[in-house]
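Asker: Test case, fold it:
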Amino acid sequence: MREHLRQPSTLHVDGVTVRFGAVTALNHVSFDVEPGTIHAVIGPNGAGKSTLFNVLTSVYRASEGSVRYADHELTGMRPHAVAGLGIARTFQNIELSHTTVAGNFLLGRHQQMRQGTVAAALRLPGVRREEREQRRAIEKIAEFVGLRDRMDVLASELPYGDQKRVDLGRALAADPSVLLLDEPVAGMTRHERSDISALIRRTHEELGLTVVLVEHDMPLVMGLAQVCTVLDFGTVIATGEPRAIRSNPAVIEAYLGGVPTTAPTDKATT
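Answerer: Purely as a prediction, here's the structure:
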């Protein structure tokens with residue numbers, strides 16, 4: 001399905017601080033996401049997880065610190081330039097285009113399209129050839145995310161769970177090396193969560209993507225992630241393997257106010 005393989009690289013987050021006036025949303029946050037891993041970013045409500053995602057994709061600009069990927073400094077880049085490096089994301093609140101499933105996937109492939117607007121207007125042979133290529137590409141994506149038979153349906157008319165699949169498919173259409181998933185199972189039924197969890201695992205294993213996951217469903221996180229970074233009030237309080245994280249006293253304190261437990265529970269939200 002992937003047409004333009006990129007060399008996997010480590011995503012370095014180094015001393016990132018974000019301030020909104022007098023409020024510090026992120027405070028000297030540092031961690032590395034190693035290539036080919038599923039790395040979860042977790043923490044209680046208001047911990048700064050969504051702010052961090054917006055920094056990684058240059059929606060927000062860090063007040064201090066650095067984000068580097070493949071020898072590129074991401075802080076200060078425009079979001080489309082970050083996407084061009086192979087970093088794609090989904091959204092906590094679904095933001096689909098008011099078009100069909102196929103149309104949303106084609107929007108995701110914008111970076112891969114070579115023909116300009118003049119060539120498209122004149123319907124030159126190269127345009128028609130590229131249209132066929134892009135259609136084949138999005139058909140593969142639709143098959144992968146389980147929406148092959150819904151390509152010509154308006155995305156807004158799909159059930160919520162399928163809309164989340166469209167969001168994921170649109171991100172995959174950008175042919176990323178790093179996939180940022182912002183609460184991919186939020187609002188889903190137990191059955192839908194199980195299906196999406198399996199799809200995320202397939203995305204990681206079959207496509208070889210690095211996955212950065214923000215999610216409050218702790219059983220899903222502990223079942224998928226190889227590394228967890230825990231934020232609390234915008235500060236990293238722990239990074240490590242899930243087994244170590246779930247018994248870390250600082251993590252227990254952040255989630256449950258110091259009540260002993262074997263693992264954080266679903267009480268945490270983004």
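Asker: ok, now which ones touch Ala47?
Answerer: Contact analysis of Ala47 by C-beta atoms under 8 Å, 6 or more residues apart in numbering lists 231-234, 254, 270. C-beta: built from backbone N, CA, C; applies to glycine.
Asker: Considering those, which possesses the most neighbours?
Answerer: Of all the contacts of Ala47, the highest neighbour tally under other C-beta atoms under 10 Å goes to Leu231, namely 25 neighbours.
Asker: partner strands of the helix or strand harbouring it, parallel or antiparallel?
Answerer: Assigned by DSSP states H and E, Leu231 falls within strand 227-232. Here strand 227-232 has these sheet partners by DSSP bridges: strand 38-42 (parallel), strand 235-240 (antiparallel).
Asker: And the contacts of Ala47, which is the shakiest by pLDDT?
Answerer: Across the set of those, Thr270 stands lowest in pLDDT, at 41.
Asker: Ile200 is in what secondary structure piece?
Answerer: Using DSSP H and E, Ile200 falls in helix 190-207.
Asker: helices or strands up against that helix?
Answerer: Packing partners of helix 190-207 (3 or more C-beta pairs under 8 Å, 6 or more residues apart in numbering; DSSP states H and E): helix 160-173, strand 210-214, helix 218-224.
Asker: 10 Å - rerun?
Answerer: Under the contact definition 3 or more C-beta pairs under 10 Å, 6 or more residues apart in numbering; DSSP states H and E, helix 190-207 sits against strand 38-42, helix 125-145, helix 160-173, strand 178-182, strand 210-214, helix 218-224.
Asker: from the contacts of Ala47, which is closest to Thr100?
Answerer: Thr270 (29.5 Å; C-beta to C-beta).
Asker: From what I see, Gly76 and Val55 are in contact.
Answerer: No: Gly76 lies out of contact with Val55 (C-beta atoms under 10 Å); the separation is 11.1 Å.
Asker: More neighbours: these two, which one.
Answerer: Remark: of Gly76 and Val55, Val55 carries more neighbours, 25 against 11, as counted by other C-beta under 10 Å.
Asker: Please report how far Gly65 lies from Leu26.
Answerer: Between Gly65 and Leu26 the computed distance is 8 Å (C-beta to C-beta, to the nearest Å).
Asker: Tell me what Ser66 is bridged to.
Answerer: Where Ser66 sits in a bridge, its partners, by DSSP bridges, are Asp14.
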